[in-house]
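Chemist: The sequence and its predicted three-dimensional model are supplied below.
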Amino acid sequence: MTAQEPDKNRAQLLRDGYVIFRNIVPAGLLHRLRSDIDEIVARQRAGDPTWDTTPQPRASIVNHVDSDTISAFEFVLHDHTYGVSAQMLNCPDEAVAAIQAQVLCNPEFEPGDPQRPGQAWGTDPRNWHRDVRPDMDGPLAALLEDQRANGPSYVQWNIALYEDLILYVIPGSHNRLTTQAETNHLLEDRGTLTPVPQSSRVELGPGDGVVYNNLMLHWGSKYSPQKKRRTIHLGYRSFGRNFPRQKCSLPTGFPNRFGDGTSHRRIAERWLTLCQDEFATIEEIFHAVLQEDDEKFFAGLTMIHPPVEGRLKCLILLSKVALALQQRTHRTGGDRLATEAEQQVCDSMLQECAERYTDRQLEQLVQRFGPVDELLRSGRSRHVTGFLGPTTDYEFEEIPSEMTAETVCATILNRQQRIGGFGTAVPGSS
């Protein structure tokens, strides 16, 4: 595919879940990117004592970039990455922002097989998986419901600076639950470590890239020190259309990597403002809940997820944010300054928000949003193959039958038609 065919490219992304772009890195930029990325990787490795024992090492572009290596970050704002991502999300550039920028690298040793999925600590991403954790993201069916109604709100990139044949995907799996045939294969001995029938290998030459929907089942097949890997790994999301589950993992001061007054600085500042404005709206939603102000609640909900259809996913994710606020510990100013260089935007906003509430208000938010989260628990701890995360009692795939956007809104607002009950419909919540 070429970047000059936006309608055709988006149609393929919606159908197959991925699109390969040949020479997405301009020929004149490849050598410079290789040099700058190698320097960034060297800096990460020097400060990371676990690098040489990690089977899938990755480096943060933004944390280690400087004026000498700035081309690596500038590429995140390039028309071939940022611009194409906006096309894929069917949004204007002004409503799209990068929220992650990393480099995937080869290990420094020959790693053994990963452990089976669903360990107490989580799931090794070297197994077949979707980038979904039910304890953090809610059940897959809710994510698919929103995507079918409103399209994807996030796209992810792998852009190879050297030949990369590691990624396998199952075309179309981003639009549905896992099939029984796929489940049977993944449950076989070494099934999560071998190609699934109907899967395809993504073959990237130097400068090629693949943009994909990470709800899709995918697999990193073989990580080895024998072949150099420097693959730029980016993520972009939309704002003001539907509320995604992906959070901004860039460091809080990322716009400052660019010089004052430059076009790159202005774009990066806009990205940060999009994140901050959205979180300010979330705060307004929470205050509306505390004040039992239905009108303000629905006004805020409409701002972050305007379509009514597919809104259940947004409400589930809001419940996760509300519960996470109570889990934040208050940091001193010295602690904040010590971690500012690498503190992620999402963590910083969550921490600052938590500090603006009293303990009593946080308890009230848990009382309102907690029943929503509890209904997503089956009471039976397990792990479903094809997902990230640990063994858990959260529902992996299906939405509980009594859970609708209408009953969730009523529960949060403490109105009649609560989850598991009956009563009058809440306006604007269906």
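Modeler: The structure has been received and is ready for your questions. Numbers count the residues shown, from 1 in each chain.

Chemist: Neighbours of Y212, how many?
Modeler: Using other CB atoms under 10 Å, Y212 is surrounded by 25 other residues. Quick note: C-beta positions are derived from backbone N, CA and C, even for glycine.

Chemist: Can you check what pLDDT the model gives it?
Modeler: pLDDT recorded at Y212 is 98.

Chemist: got it, and L388?
Modeler: According to the prediction, L388 has pLDDT 97.

Chemist: so it, which of the three states?
Modeler: coil (DSSP: H, G, I helix; E, B strand; the rest coil).

Chemist: Hmm, it is touching P125, no?
Modeler: Yes. Judged on CB atoms under 8 Å, L388 makes contact with P125 at a distance of 6.6 Å.

Chemist: which of those two has more neighbours?
Modeler: L388 (21 against 16).

Chemist: now that one: how far from L215?
Modeler: Distance check for L388 against L215: by CB to CB, to the nearest Å, it reads 12 Å.

Chemist: Overlap in contacts, those two.
Modeler: 130-132 (CB atoms under 8 Å, 6 or more residues apart in numbering).

Chemist: Then V210 would be within a strand, right?
Modeler: Yes. Assigned with three-state DSSP, V210 falls within a strand.

Chemist: how many other residues sit next to it?
Modeler: 22.

Chemist: G191 too?
Modeler: 17.

Chemist: hang on, it packs against T183?
Modeler: No. G191 lies out of contact with T183 (CB under 8 Å); the separation is 9.3 Å.

Chemist: Overlap of the contact sets of the two?
Modeler: Joint contacts of G191 and T183 (CB under 8 Å, 6+ apart) are T385.

Chemist: Contacts only, for S238.
Modeler: S238 neighbours (CB under 8 Å, 6+ apart): 89, 91, 95-96, 153-154, 244.

Chemist: ok, now with 6 Å
Modeler: 89, 91, 95-96, 153 (CB atoms under 6 Å, 6 or more residues apart in numbering).

Chemist: Can you turn the buried part of these into a PyMOL selection?
Modeler: Only the buried entries of the contacts of S238 go into this PyMOL selection, using 16 or more other CB atoms under 10 Å:
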select buried, resi 89+91+96+153
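
Chemist: could you dump the contacts of S238 to CSV with distance to V25, secondary structure and pLDDT?
Modeler: Putting the contacts of S238 into CSV (distance: CB to CB, whole Å; DSSP: H, G, I helix; E, B strand; the rest coil; pLDDT from 0 to 100) gives the following:
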residue, distance to V25, secondary structure, pLDDT
L89, 21, helix, 98
C91, 23, coil, 96
A95, 25, helix, 98
V96, 20, strand, 98
S153, 26, coil, 97
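
Chemist: Just checking, which helix or strand of this structure averages the lowest pLDDT?
Modeler: helix 333-339 (a mean of 46; mean pLDDT, DSSP states H and E).

Chemist: So which other helices or strands are in contact with the helix or strand following that one?
Modeler: The helix or strand immediately downstream of helix 333-339 is helix 345-354, counting by DSSP states H and E. Helix 345-354 is packed against helix 263-290, with contacts defined by 3 or more CB pairs under 6 Å, 6 or more residues apart in numbering; DSSP states H and E.

Chemist: State the mean pLDDT of the helix it packs on.
Modeler: Helix 263-290 comes out at a mean pLDDT of 98.

Chemist: likewise stretch 73-86?
Modeler: 98.

Chemist: What's the end-to-end length of it?
Modeler: End-to-end distance for stretch 73-86, by CA to CA, to the nearest Å: 18 Å.

Chemist: Can you list the buried residues in it?
Modeler: Buried, per 16+ other CB under 10 Å, within stretch 73-86: 73-77, 80-82, 84-86.

Chemist: Narrow these to those in helices?
Modeler: Those of the buried residues of stretch 73-86 mapping onto helices are 73-74, 84-86, per DSSP state H.

Chemist: which among these gets closest to D208?
Modeler: Taking CB to CB as the measure, D208 lies nearest V84 of those, at 13.2 Å.

Chemist: how about the closest one, what does it touch?
Modeler: By CB under 6 Å, 6+ apart, V84 lies in contact with A3.

Chemist: What distance do you get for it to G205?
Modeler: Between V84 and G205 the distance, using CB to CB, works out to 18 Å.

Chemist: again, but for K296
Modeler: K296 is 53 Å from G205, by CB to CB.

Chemist: In terms of neighbours, single out the busier of these two.
Modeler: Counted by other CB under 10 Å, K296 and G205 do not tie: K296 has more neighbours, with 15 against 12.

Chemist: Is that one in a helix, a strand, or coil?
Modeler: helix.

Chemist: hang on, it packs against H287?
Modeler: No. Assessed by CB atoms under 6 Å, K296 is found out of contact with H287, at 7.5 Å.

Chemist: Quickly list the domain ranges of this protein.
Modeler: 6-259, 272-412 (automatic domain parsing).

Chemist: Out of the ones you listed, which is closest to R266?
Modeler: That would be domain 6-259 among those, by CB to CB, at 8.6 Å.

Chemist: distance between the ends of that closest one?
Modeler: 31 Å.

Chemist: same thing with stretch 220-236?
Modeler: Stretch 220-236 end-to-end distance (CA to CA) = 21 Å.

Chemist: Please apply the same query to stretch 298-313.
Modeler: Taking CA to CA as the criterion, the two ends of stretch 298-313 lie 15 Å apart.

Chemist: Next up, phi/psi of the residue nearest to R265 when sequence neighbours are not counted, please.
Modeler: In this structure, R265 finds its nearest non-sequential neighbour in F258, 3.9 Å apart by CB to CB, 6 or more residues apart in numbering. Here is the backbone geometry of F258 (degrees, to the nearest 10): phi -100, psi 150.

Chemist: what's around F258, how many residues?
Modeler: 21.

Chemist: again, but for T54
Modeler: So T54, with other CB under 10 Å, has 16 neighbours.

Chemist: which non-adjacent residue is nearest the spatially most central residue of the chain?
Modeler: Taking CA atoms, centre = their mean as the criterion, Q246 is the residue nearest the geometric centre of the chain, at 2.9 Å. Setting aside the residues directly before and after it, Q246 is nearest to Y154 in space (CB to CB, 6+ apart), at 4.8 Å.

Chemist: Quickly note the distance from the residue nearest to E94 when sequence neighbours are not counted to Y82.
Modeler: Distance criterion CB to CB, 6+ apart; nearest residue to E94, sequence neighbours excluded, is R270 at 7.0 Å. Separation of R270 from Y82 (CB to CB): 11 Å.
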